[in-house]
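Peer 1: I would like to see how this sequence folds:
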Amino acid sequence: QFGLVHESLRERNLLLRHAIDWVKPLAFLLPVYPGHGRPGWQLKLGLTLYDILSFPNPMPGHRHLEHAAITKDYPTLTATHLRDGFLYYDAQMEDARLVIANLADAAIHGAQCFNYAHVTTLRRTATGFHVGVEFSNKTVTYWNCKSIINTTGAWSDVVRKVLGLPTQKHLVSPTKGVHLVLRHTPPKTAVLLQAPQDERVFFVMPWHDRTLLGTTDTPFTEDPDHIDITKADIRYLKQAYEHFFPTLPIGPGDLVSAFVGLRPLAASDAQASDRSRETVIHSDIPGLFSVVGGKFTTHRQIAQDVVDKLINTKLLPPTDKRCCTTSHPLPLPSNVASSPPMPPYCPHHPHTLAEVDYAVRYEWVRSVSDWNLRRTVIGFAADCNGISCSQAVGRQIGTLLDKSEADIQADINAYMQETERLLKLCRNSLA
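Peer 2: Below is the predicted model of the structure:
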């Protein structure tokens with residue numbers, strides 16, 4: 001899939017240029033263990049192609065590392081059977097913040113963005129579609145439009161069913177990816193390894209002063225609203241990690257948190273790790289498009305392809321203008337400092353209630369979970385997991401949104417119960 005790799009690397013380079021607050025360079029170590037994983041010559045060839053496909057690359061090309069250099073810089077990585085290795089560069093993104101930056105940019109350019117809005121009805125009309133949307137306050141608003149773009153990822157088939165479209169053939173075959181957040185001292189760079197159980201690639205990387213371990217890649221055929229982490233997921237990652245870091249066993253006290261996501265891959269009968277990451281744009285009926293597959297890195301190109309499709313099908317007027325997003329920086333985060341300066345509302349992280357205010361007013365935050373899990377990483381990386389400060393956050397959000405006391409407490413309780421349930425699962429899996 002050279003085309004997909006080249007596209008991903010090109011888009012990564014654009015993100016490094018236009019989203020500098022959320023996408024930053026990150027070095028990766030590829031250690032070579034003869035008899036396990038790919039041989040050194042294959043890695044050297046692959047990295048050479050990677051450098052070529054990355055051109056023009058704002059980051060250094062790959063380089064070879066001797067055994068002594070690796071053991072010096074990565075003292076906890078097992079030296080047993082280690083021969084040498086390679087260092088190459090990729091990027092690390094703040095995924096939730098990048099989503100918000102794109103939404104903010106869309107709003108600046110005239111888009112209406114809604115959170116907790118549920119499409120309930122869709123009806124064809126002579127000029128397009130009549131769509132009903134239900135909001136969290138139970139009110140329903142109706143719109144008429146020429147076209148609909150279904151970009152709901154792993155929920156694509158669910159949405160098509162709600163809209164009364166044919167569902168005999170699935171468009172998406174999601175795979176599940178679980179990550180563990182550890183209290184272990186983060187490695188100097190990311191480390192890319194192959195699990196001894198099945199030789200699947202996994203990584204260990206620095207993340208918000210923690211060590212991030214991931215990820216699994218297993219088929220998922222259930223309701224995407226009810227995805228969960230299992231003991232098997234945690235133990236798989238634990239076994240793979242401890243094989244290469246034998247002096248750093250993962251005990252119940254070492255796990256800060258865990259999280260899980262779904263990759264919305266295009267429907268395929270292939271093994272989970274072998275499924276294509278390419279984007280597919282389906283048109284179920286004229287004017288309605290479902291976008292599946294792709295990678296977060298290529299989201300800008302996917303959007304450009306969808307707009308081109310709308311122009312080519314005459315749902316948007318033709319234009320001789322080139323797409324401007326290849327040279328368009330995303331908006332920078334606003335300065336939300338208060339006067340006088342406001343101290344953090346919790347000793348376990350640096351965030352302030354002024355930031356919460358801003359997120360409610362301008363970043364569509366409506367709940368404690370929104371703030372702790374989808375605007376910040378408090379729930380995943382802070383020692384308190386956001387539990388000890390959920391009252392302060394919940395009441396701040398509730399006051400700004402004029403929630404009732406019952407609704408405020410229900411929001412706080414929902415976050416605390418779900419977080420405590422996950423932490424209990426993590427502890428029991430490692431006991």
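
Peer 1: Is Y89 within a helix or a strand, and which one?
Peer 2: Per DSSP states H and E, Y89 falls inside strand 84-93.

Peer 1: Name the residues of the following helix or strand past that strand that are buried.
Peer 2: Next helix or strand after strand 84-93 toward the C-terminus (DSSP H and E): helix 95-108. By 16 or more other CB atoms under 10 Å, the buried positions in helix 95-108 come out as R97, L98, V99, I100, A101, N102, L103, A104. From N, CA and C alone the C-beta is placed, and that goes for glycine too.

Peer 1: So what are the sheet partners of the strand holding Y89 and their directions?
Peer 2: With DSSP bridges as the test, strand 84-93 is paired with strand 23-32 (antiparallel), strand 63-65 (antiparallel).

Peer 1: can you put those in JSON lines and add distance to S173?
Peer 2: JSON lines is the format used below for the strands paired with strand 84-93 (distance: least, CB to CB, whole Å):
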{"stretch": "strand 23-32", "distance to S173": "28"}
{"stretch": "strand 63-65", "distance to S173": "38"}
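
Peer 1: any idea which of those is most buried?
Peer 2: Stretch with highest mean neighbour count among the strands paired with strand 84-93: strand 23-32 (a mean of 20; mean count of other CB atoms under 10 Å).

Peer 1: pLDDT weak spots in the stretch 201-350 of the chain?
Peer 2: Where the stretch 201-350 of the chain drops to pLDDT under 70, the residues are 335, 337-339.

Peer 1: the strands in it, which residues?
Peer 2: Using DSSP state E, counting those that start in this stretch, the strands of the stretch 201-350 of the chain run over 201-207, 210-214, 218-219, 255-263, 280-285, 288-292.

Peer 1: Which neighbours in the sheet does the longest one have, and how are they oriented?
Peer 2: Strand 255-263 pairs in its sheet with strand 175-182 (antiparallel), by DSSP bridges.

Peer 1: again, but for the fifth one
Peer 2: Based on DSSP bridges, the pairing partners of strand 280-285 within the sheet are strand 288-292 (antiparallel).

Peer 1: sorry, back to before: report the angle between the axes of the strand holding Y89 and strand 201-207?
Peer 2: 60 degrees (axes from the mean of the first three to the mean of the last three CA atoms, to 10 degrees).

Peer 1: tilt between strand 84-93 and strand 210-214?
Peer 2: Going by the same axes, to 10 degrees, strand 84-93 makes 100 degrees with strand 210-214.

Peer 1: what's the spacing between strand 84-93 and its chain's center?
Peer 2: A distance of 19 Å separates the centroid of the chain from that of strand 84-93, by CA atoms, centre = their mean, to the nearest Å.

Peer 1: tell me which residues in that strand are buried?
Peer 2: Neighbour counts over strand 84-93 (16+ other CB under 10 Å) mark D84, G85, F86, L87, Y88, Y89, D90, A91, Q92, M93 as buried.

Peer 1: Make JSON lines out of these and add pLDDT and distance to P186.
Peer 2: Compiled in JSON lines, the buried residues of strand 84-93 are given as follows (pLDDT from 0 to 100; distance: CB to CB, whole Å):
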{"residue": "D84", "pLDDT": "97", "distance to P186": "23"}
{"residue": "G85", "pLDDT": "97", "distance to P186": "18"}
{"residue": "F86", "pLDDT": "98", "distance to P186": "20"}
{"residue": "L87", "pLDDT": "98", "distance to P186": "16"}
{"residue": "Y88", "pLDDT": "98", "distance to P186": "19"}
{"residue": "Y89", "pLDDT": "97", "distance to P186": "17"}
{"residue": "D90", "pLDDT": "97", "distance to P186": "16"}
{"residue": "A91", "pLDDT": "97", "distance to P186": "17"}
{"residue": "Q92", "pLDDT": "97", "distance to P186": "12"}
{"residue": "M93", "pLDDT": "96", "distance to P186": "17"}
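
Peer 1: If anything else comes up later, I'll come back, but that's it for now.
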